[in-house]
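Asks: Return a 3D structure for these sequence lines:
(2 chains, ligands or ions: 2)
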Amino acid sequence: MSFIVKFINNFADSFSEKFYQNLISENRWQLVIKGLLITLEVTFFAVLLGIAIGFVIAIIRSTYDTTLKPGILLRILNGISKVYLTVVRGTPVIIQLLIVYFVIFASVDVNKVVAAVIAFGINSGAYVAEIVRSGIMSVDKGQLEAGRSLGLNYFQTMTTIILPQALKNILPALGNEFIVLLKETSVSGYIALMDLTKAADTIRSRTYEAFFPLLTAAFVYLILVMILSAGVTRLERWLRKSDRR
Amino acid sequence: MIVVKNLHKTFDNEIEVLKGVDQHIKPGEKVVIVGPSGSGKSTFLRCLNLLEQPTQGEIWFDGQLINAKNVDIDKIRARMGMVFQHFNLFSHKTVLQNITLAPIKLKLLSPEEANNNALQLLRRVGLEDKADAYPSQISGGQKQRIAIVRSLAMNPKVMLFDEPTSALDPEMVGEVLDVMKELADSGMTMAVVTHEMGFAREIATRVLFMDDGKILEEAPPKEFFSNPKNPRLKEFLSKII
Ligand SMILES: Nc1ncnc2c1ncn2[C@@H]1O[C@H](COP(=O)(O)OP(=O)(O)OP(=O)(O)O)[C@@H](O)[C@H]1O
Ligand SMILES: [Mg+2]
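Replies: Residues are numbered from 1 along each chain as shown, chains lettered A, B, ... in the order given. Ligands and ions are numbered 1, 2, ... in the order given. Next up is the predicted model:
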């Protein structure tokens, strides 16, 4: 018991001092804000890239699955997609990030944010592809048949009839992918990108104080995730309502 | 208009569903196809516009062999309407958009022409007030009437119906059959799979009995119903009437 009391006393005594030391002095809070902006920037553009890749892969895969005698081009594209999915889902994201930055862009002087966006975008694309594929499969088969029977080709039916309905079904899942990716970008420090996590860790190494900087970062992540989750929940509710329209 | 020669269809599971069907549907004919469940009626109809790919045989439409290589099947399907048991209206589009989507997308009509045409068709089936409704807001009977109109908007030369009233509540069957009768009277070539024997008697020029992947009997409705010859047809008719 006395250990806990002592801890709390010590804690309260040094709280304001440590707060000042870790966040106010030398404008360290600015480091946190900058890190936060980089985290958001990387996440946002990586999600966009991931959605673009994911849609293309999903369309290739479901076209292949529903075509009776797929042509050579479709077979090649499907093969590439499969390799992509296997490799991306079969290796850690940190390795992918390091490879993009130190191997693929080894001889080019690339902006670290761009490298991170590409790495996380490619990574996210594999997961988005599965989300989109399940979205496409969730649309009744009759919709495709109706479109085709009217004389629309596969691509026209896909883009005007299937995908809009699939997208609506998967919006919440895409929102969750954004949340997952937000947390995943915290390994950006491996390529020395000053994201939120790296900023907090930098402060730690300067002040020799782990508690404040790390909990601040954790708190900011948590707030972001909670806001985004609330957004996804509202989106789900709104979509359910519009279904009953 | 449609000539079918020695049509066979085997699905992936190696079950032969169509075992050699020969048919000639002439312009203006209304062919009604009846038969027990699982006999291959839907598969036959879906082979006509190649929603199912025949394993063997020939399908001719308007003098063209359509299950050959290098045929633009989309162009063919644009001239063949199909109405499904479960309507298959596009649920994210309004009634009007459902009808105008294909003609606009395929550049057959300008958006304005398509809208006018759609409204005219809606008036014909008494649903012009539903133009801006979504499919989830209308009844099954209304959905099916819209689905018919959606096909008609493509100005098809033939209309295929696969059990258009089977998914409907009984009180809504009549309104859909009325639209189909009107369509038949207007001279449309039709192939209809249905269990509505009254409809078959009234509008069919020819009734086909399909069983186990073959057409076992075909005759004008009067003869078909009053003087069936095939024992399987006799049994079938005795069960449903
Ligand atoms: N895509 C498919 N793959 C495998 N088997 C199929 C497929 N579609 C239909 N079949 C089988 O083919 C047979 C005939 O089916 P079809 O739907 O043509 O019958 P139907 O006469 O229309 O029956 P119903 O009156 O029940 O609609 C059935 O045994 C069915 O299980
Ligand atoms: Mg059927």
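
Asks: my read: A:Arg148 touches A:Tyr154, true?
Replies: Yes - taking contacts as C-beta atoms under 8 Å, A:Arg148 lies within contact range of A:Tyr154: 7.2 Å. Placement of C-beta: from N, CA and C, glycine included.

Asks: the more surrounded of the two?
Replies: Relative neighbour count places A:Arg148 above the other of A:Arg148 and A:Tyr154, with 21 against 17, counting by other C-beta atoms under 10 Å in any protein chain shown.

Asks: Which residues are in contact with that one?
Replies: Listed by C-beta atoms under 8 Å, 6 or more residues apart in numbering or on different chains, the contact partners of A:Arg148 are A:Tyr154, A:Thr157, B:Leu51, B:Asp74, B:Arg77.

Asks: what would those look like in a markdown table with secondary structure and distance to A:Leu163?
Replies: Rendered in a markdown table, the data for the contacts of A:Arg148 read as follows (DSSP: H, G, I helix; E, B strand; the rest coil; distance: C-beta to C-beta, whole Å):
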| residue | secondary structure | distance to A:Leu163 |
| --- | --- | --- |
| A:Tyr154 | helix | 12 |
| A:Thr157 | helix | 9 |
| B:Leu51 | coil | 21 |
| B:Asp74 | helix | 18 |
| B:Arg77 | helix | 20 |
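
Asks: for these, which one is nearest ligand 1?
Replies: B:Leu51 (10.0 Å; C-beta to the nearest ligand atom).

Asks: count of neighbours near whatever residue of chain A ends up closest to ligand 1?
Replies: Proximity of chain A to ligand 1 (C-beta to the nearest ligand atom) peaks at A:Lys141, 9.8 Å away. A:Lys141: 11 surrounding residues under other C-beta under 10 Å.

Asks: can you check A:Ile203 too?
Replies: Should you count by other C-beta under 10 Å, A:Ile203 turns out to have 25 residues around it.

Asks: Quick check, it in contact with A:Leu31.
Replies: Yes - using C-beta under 8 Å, A:Ile203 is in contact with A:Leu31, at 6.3 Å.

Asks: Centre-most residue in chain A?
Replies: For chain A, the residue whose C-alpha lies nearest the mean C-alpha position (C-alpha atoms, centre = their mean) is A:Leu181; its distance is 2.5 Å.

Asks: Checking it next. Helix, strand or coil?
Replies: helix (DSSP: H, G, I helix; E, B strand; the rest coil).

Asks: SS state for B:Leu208?
Replies: strand.

Asks: For the residue nearest to the centre of chain A, give me its contacts.
Replies: Here A:Leu181 is in contact with A:Thr43, A:Ala46, A:Val47, A:Gly50, A:Phe120, A:Ser124 (C-beta under 8 Å, 6+ apart).

Asks: try 7 Å
Replies: With contact taken as C-beta atoms under 7 Å, 6 or more residues apart in numbering or on different chains, A:Leu181 is in contact with A:Thr43, A:Ala46, A:Val47, A:Phe120, A:Ser124.

Asks: Turn the residues you listed into CSV, columns for distance to A:Leu239, neighbour count and pLDDT.
Replies: Written out in CSV, the entries for those read as follows (distance: C-beta to C-beta, whole Å; neighbours: other C-beta atoms under 10 Å in any protein chain shown; pLDDT from 0 to 100):
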residue, distance to A:Leu239, neighbour count, pLDDT
A:Thr43, 23, 26, 96
A:Ala46, 24, 25, 96
A:Val47, 19, 25, 94
A:Phe120, 26, 27, 97
A:Ser124, 22, 28, 96
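
Asks: out of those, who's nearest chain B?
Replies: Ranking these by separation from chain B, with C-beta to the nearest C-beta as the measure, puts A:Val47 on top at 23.5 Å.

Asks: element containing the closest one, please.
Replies: Using DSSP states H and E, the element containing A:Val47 is helix A:28-66.

Asks: list the helices and strands that helix packs on?
Replies: Contact analysis of helix A:28-66 by 3 or more C-beta pairs under 7 Å, 6 or more residues apart in numbering or on different chains; DSSP states H and E lists helix A:72-90, helix A:112-138, helix A:163-184, helix A:196-207 as its packing neighbours.

Asks: Format the ones you listed as a markdown table; extra columns: distance to B:Ser186.
Replies: Listed next are the helices and strands packed on helix A:28-66 as a markdown table, based on distance: least, C-beta to C-beta, whole Å:
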| stretch | distance to B:Ser186 |
| --- | --- |
| helix A:72-90 | 42 |
| helix A:112-138 | 38 |
| helix A:163-184 | 33 |
| helix A:196-207 | 69 |
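
Asks: which stretch among those comes nearest B:Glu128?
Replies: Within the helices and strands packed on helix A:28-66, the stretch nearest B:Glu128 is helix A:163-184; the backing value is 25.5 Å (C-beta to C-beta).

Asks: can you give me the mean pLDDT across that closest one?
Replies: Across helix A:163-184, pLDDT averages out at 93.

Asks: cool, stretch B:209-224 as well?
Replies: Predicted confidence along stretch B:209-224 averages 96 (mean pLDDT).

Asks: Check A:Ile53 and give its pLDDT.
Replies: A:Ile53 carries a pLDDT value of 97.
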